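# Next come a sequence and a model predicted from it.
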Amino acid sequence: MEPVFPDIGRILLLIAPILLIQLALAIYGLVDLARRKVVRGPRGLWLGLLIISAISFPMGIIISGLYLAWGRNVEQPDDLD
């Protein structure tokens, strides 16, 4: 009789790099959020979404990417007058 989950170790080895990338993006996003004075949207919402993104798979990569691509991209005024 075959086991119900054959090669579960192999599946975990395939998923592990994706989970590490997701966790790294969430941590980078949280550090970036803490350092920025101005972000697009409410800071509390981004904080909550980035914390949730650290533990939710696969939405974590999408949420972290959304913050890093759009949420933190705030144009700074030029001081070249």
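Done, it's in. Computed from a prediction, not measured in an experiment: that's the story for all the values here.

# Now name the helix or strand holding residue 44.
Secondary structure from DSSP states H and E places residue 44 in helix 43-53.

# residue closest to the middle of the protein?
When CA atoms, centre = their mean is applied to the chain, the residue found nearest the centroid is residue 64 (2.7 Å).

# my guess is residue 25 contacts residue 64, does it?
Yes - taking CB atoms under 8 Å as the definition, residue 25 is a contact partner of residue 64 at 3.7 Å. Where you see a C-beta, it was placed from the backbone N, CA and C, and this is true even at glycine.

# which neighbours do these two share?
By CB atoms under 8 Å, 6 or more residues apart in numbering, residue 25 and residue 64 have these common neighbours: residue 53.

# re earlier: for the host helix or strand of the residue nearest to the centre of the chain, which positions count as buried?
Assigned by DSSP H and E, residue 64 belongs to helix 59-66. Neighbour-count burial for helix 59-66 flags 60, 61, 63, 64 (criterion: 16 or more other CB atoms under 10 Å).

# now for that helix, which elements pack on it?
Helices and strands touching helix 59-66, as assessed by 3 or more CB pairs under 8 Å, 6 or more residues apart in numbering; DSSP states H and E, comprise helix 8-35, helix 43-53.

# Could I get the CA-only coordinates of that helix as CSV?
The C-alpha trace of helix 59-66 is given here as CSV (Å, rounded to 0.1, in the frame of the first residue of the first chain):
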residue,chain,number,x,y,z
MET,A,59,-0.7,36.3,-1.3
GLY,A,60,2.3,37.5,0.7
ILE,A,61,4.4,37.9,-2.4
ILE,A,62,1.7,39.9,-4.1
ILE,A,63,1.1,42.2,-1.1
SER,A,64,4.8,42.8,-0.4
GLY,A,65,5.4,43.5,-4.1
LEU,A,66,2.4,45.9,-4.3
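
# quick one, that helix and helix 43-53 angle?
Taking axes from the mean of the first three to the mean of the last three CA atoms, to 10 degrees, one finds that helix 59-66 is oriented at 140 degrees with respect to helix 43-53.
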